[in-house]
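Asker: Next input, structure requested:
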Amino acid sequence: MTTLNQPSGAAHSRIYSLGAARGDLVVPNDDLVGPIDSSDEWIRQRTGMIERRRASAGVDAIDLAQQAAEEAISRAGIAPTDIGAVIVATISNTVQTPSLAALLAERVGATPAPAYDVSAACAGYTYGIAQADALIRGGIAQYVLVVGAEKLSDFAKPTDRSISFLLGDGAGAAIVGPADEPGIGPTLWGSDGSRWDSVGMDRPLKEAFDDREAGFPTLRQDGQGVFRWAVWDMASVAREALDASGIGADELSAFVPHQANMRIIDEFAKQLALPESVLVARDIAHTGNTSAASIPLAMHQLLTEHPEASGGFALQIGFGAGLVYGAQVVRLP
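Answerer: Have a look, this model is predicted:
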């Protein structure tokens with residue numbers, strides 16, 4: 001009987017390298033408080049943010065993605081033609097189609113690698129890492145470029161008090177490749193569509209075409225509801241990811257959560273009972289909430305400040321619009 005051939009991949013995978021790109025503009029709280037009738041002190045107390053990075057008018061998410069990807073490729077020591085797949089997590093591509101990933105593959109020289117976008121908001125990067133791990137171990141690709149890229153300032157309404165002042169622009173990239181031992185643990189991921197309206201666009205795209213004067217849809221959220229979900233439900237997911245990986249909290253070198261709010265990050269660390277030896281990424285203070293880009297950006301910054309953490313284990317977790325979430329333990333590049 002004739003049977004189908006199936007590819008055989010590497011036993012394990014790991015993150016080889018990271019790359020980062022932040023918006024070229026530094027925007028302090030004072031620049032945003034007028035339209036929301038607020039203050040620098042109010043924003044710092046509620047979010048821990050001092051400033052955020054945003055991109056100039058002529059810079060799009062693809063430009064940030066290219067810069068981050070080129071750094072990651074260079075640091076990995078591979079040729080762009082070695083990349084077997086390009087995955088971009090984004091909610092801020094300038095068009096609905098074609099994908100940002102296809103253009104990125106062309107820009108960095110990875111063509112004809114398959115390329116596609118992942119629309120999982122702030123969990124998108126962890127989804128991309130999970131898929132890269134599966135592609136490599138399944139023998140479909142040897143190296144995968146995973147990028148989280150956002151220009152959220154294009155979707156920020158200056159008068160919105162729920163989320164607009166949180167948003168930043170940037171891209172973080174990772175090269176994932178084969179490994180002799182596990183470098184990416186089991187992924188705990190999921191969704192809760194019953195809370196679909198908790199965070200996202202304030203109205204459908206079609207309404208923007210029907211009512212041009214109303215302007216383009218922008219981002220908004222139920223701040224209190226999302227905060228409670230993130231603090232309580234996502235802490236449980238983080239603990240499950242640790243249990244599934246077989247790594248204890250005291251064995252971690254770092255904790256890299258989605259950079260949504262400093263209060264959420266601090267409460268996470270408290271609920272997970274992380275020892276003081278664990279480095280906690282708090283990139284939101286100066287970069288802002290960059291959705292799918294926030295975890296790789298925060299990890300890149302953490303390793304820049306603490307290179308001694310390289311090779312250790314990090315717990316990363318993303319959570320956001322959908323509602324969707326994803327968490328895994330990875331070995332730091």
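
Asker: Check the protein and tell me which residue is nearest its centre.
Answerer: By C-alpha atoms, centre = their mean, the chain has its centre lying nearest to Ala292, at 2.9 Å.

Asker: That residue falls within a helix, correct?
Answerer: Yes - assessed with DSSP: H, G, I helix; E, B strand; the rest coil, Ala292 lies in a helix.

Asker: Look up how far Ser92 lies from it.
Answerer: Counting by C-beta to C-beta, to the nearest Å, the separation of Ala292 from Ser92 is 9 Å. C-beta: built from backbone N, CA, C; applies to glycine.

Asker: Show the residue spans covered by the strands in the stretch 1-150 of the chain.
Answerer: 12-22, 25-28, 51-54, 83-89, 115-118, 143-151 (DSSP state E, counting those that start in this stretch).

Asker: OK, contacts around the residue nearest to the centre of the chain?
Answerer: Neighbour list for Ala292: 89-91, 118, 120-125, 148-150, 318 [criterion: C-beta atoms under 8 Å, 6 or more residues apart in numbering].

Asker: mind running it again at 7 Å?
Answerer: Ala89, Thr90, Ile91, Ala121, Cys122, Gly124, Tyr125, Gly148, Ala149, Glu150 (C-beta atoms under 7 Å, 6 or more residues apart in numbering).

Asker: Touching, the second one and Ala61? I think so.
Answerer: In other words, Thr90. Yes - at 5.8 Å, Thr90 and Ala61 qualify as touching, with contact defined as C-beta atoms under 7 Å.

Asker: Can you check which residues contact both of the two?
Answerer: With C-beta under 7 Å, 6+ apart, Thr90 and Ala61 have common neighbours Leu100, Ala149, Glu150.

Asker: With pLDDT and neighbour count as extra columns, can I get those residues in JSON lines?
Answerer: Output for those, formatted as JSON lines (pLDDT from 0 to 100; neighbours: other C-beta atoms under 10 Å):
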{"residue": "Leu100", "pLDDT": "98", "neighbour count": "24"}
{"residue": "Ala149", "pLDDT": "98", "neighbour count": "37"}
{"residue": "Glu150", "pLDDT": "98", "neighbour count": "33"}
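
Asker: and of those residues, the nearest to Pro28?
Answerer: Proximity of these to Pro28 was ranked by C-beta to C-beta; the top entry is Glu150 with 20.1 Å.

Asker: hmm, back to that, could you tell me which residues touch both of Ala292 and Ser92?
Answerer: Glu150.

Asker: where are the low-confidence patches of the stretch 151-300 of the chain?
Answerer: Applying pLDDT under 70 to the stretch 151-300 of the chain flags the ranges 212, 214.
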